[in-house]
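Participant: Here's my sequence, what's the structure:
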Amino acid sequence: MKMKRTVGALVLGLSACGYPLTQLAVRRWGVRGAAVAESVCVGLAVRDAAMVAGGVPGRLRRVPAALLRLELAVGVVASLAGLPPLRSGPPPLPGGPPAGQPAPARACTADHVRRAAVAALFALHTVRFGIYLRPDRGRRA
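Facilitator: Prediction:
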């Protein structure tokens, strides 16, 4: 199925904005926003897993195939790292906890891992989608 150029550019732009949008959702809507961000990460990981299971990497050139596998691994990490905010509430705001209260080191580390994994997931997805929009779609000759 061939995607129209404008739709592809719109999806590519949304993918590039994926990380800031997830952060905005978590900050603005708390646990509900974290659930939306988690749903997106799980959805990307499931889609990547289906593509790998369906043999797509065998039809792609070396770099796009490696990027697909790497995106799957990062998607799983992002999905797992996104679970704690759903159970314990939203992560602390970037400004830190209220005055006089120390930030728990473990929560900060977990949130840094989650943020890094989500940022890497959207970066990889954007690069891969950019390759997909090219005429050869990253396929082997």
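
Participant: Could you pull out the helices in this structure for me?
Facilitator: Listed in chain order, the helices of the chain (DSSP state H) span 5-16, 18-29, 31-53, 56-59, 62-81, 83-88, 105-132.

Participant: Could you check the second one and say which residues are buried?
Facilitator: So the one you mean is helix 18-29. The neighbour-count check on helix 18-29 (16 or more other C-beta atoms under 10 Å) flags G18, Y19, L21, T22, Q23, A25, V26 as buried. Where you see a C-beta, it was placed from the backbone N, CA and C, and this is true even at glycine.

Participant: what pLDDT, on average, does that helix get?
Facilitator: On average, the pLDDT along helix 18-29 is 94.

Participant: coming back round to it: distance to A141 for the helices of the chain - can I get that in CSV?
Facilitator: Formatted as CSV, the helices of the chain follow (distance: least, C-beta to C-beta, whole Å):
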stretch, distance to A141
helix 5-16, 22
helix 18-29, 31
helix 31-53, 20
helix 56-59, 11
helix 62-81, 12
helix 83-88, 42
helix 105-132, 15
